[in-house]
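[1] Could you work out the structure for the sequence below:
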Amino acid sequence: MAFRLYLLMGVLLFCVVVQEVSSDAEIEDPQTQVVKGVNRRLLPFLDCEGLCKQRCGLHSRPNVCTRACGTCCVRCKCVPPGTSGNREMCGKCYTDMTTHANKTKCP
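    Numbering: from 1, shown residues only. Next up, the predicted model:
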């Protein structure tokens, strides 16, 4: 009988410890996201869809622009300000990405 009591207390204690550890691991700030893998780190959250809609709002082909911008945003974690130009503000990743035809990909 005593063994069962100790076993039950051990299981309950384990559940409480696991709950405390998992609640500490949650991220309270919705502006960050966790990248899982070898290099675990926190990255700022980017609303790529909203930023790209704004970036491509005046483009002659907004759907094509938004699709390319979204790809660049996800890969480079950046969208330049304004509706055109300023590509250098996002760095080499954004400026050097090209299509299969060697044209610049990111608007």
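[2] switch to C-alpha atoms for all contacts and neighbour counts from now on
    Will do.
[3] List the contacts of the closest residue to Arg55 other than its chain neighbours.
    Counting by C-alpha to C-alpha, 6 or more residues apart in numbering, Arg55 lies nearest to Thr83, which is 4.4 Å off, once chain neighbours are set aside. By C-alpha atoms under 8 Å, 6 or more residues apart in numbering, the residues touching Thr83 are Gln54, Arg55, Cys56, Gly57, Leu58, His59.
[4] Now that we have the residues you listed, which of them are buried?
    Burial by neighbour count, 16 or more other C-alpha atoms under 10 Å: within the contacts of Thr83 this picks out Gln54, Arg55, Cys56, Gly57, His59.
[5] Dump the residues you listed into JSON lines; add pLDDT and distance to Lys77 as well.
    Shown next, in JSON lines, are these (pLDDT from 0 to 100; distance: C-alpha to C-alpha, whole Å):
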{"residue": "Gln54", "pLDDT": "93", "distance to Lys77": "16"}
{"residue": "Arg55", "pLDDT": "92", "distance to Lys77": "15"}
{"residue": "Cys56", "pLDDT": "93", "distance to Lys77": "17"}
{"residue": "Gly57", "pLDDT": "92", "distance to Lys77": "20"}
{"residue": "His59", "pLDDT": "93", "distance to Lys77": "21"}
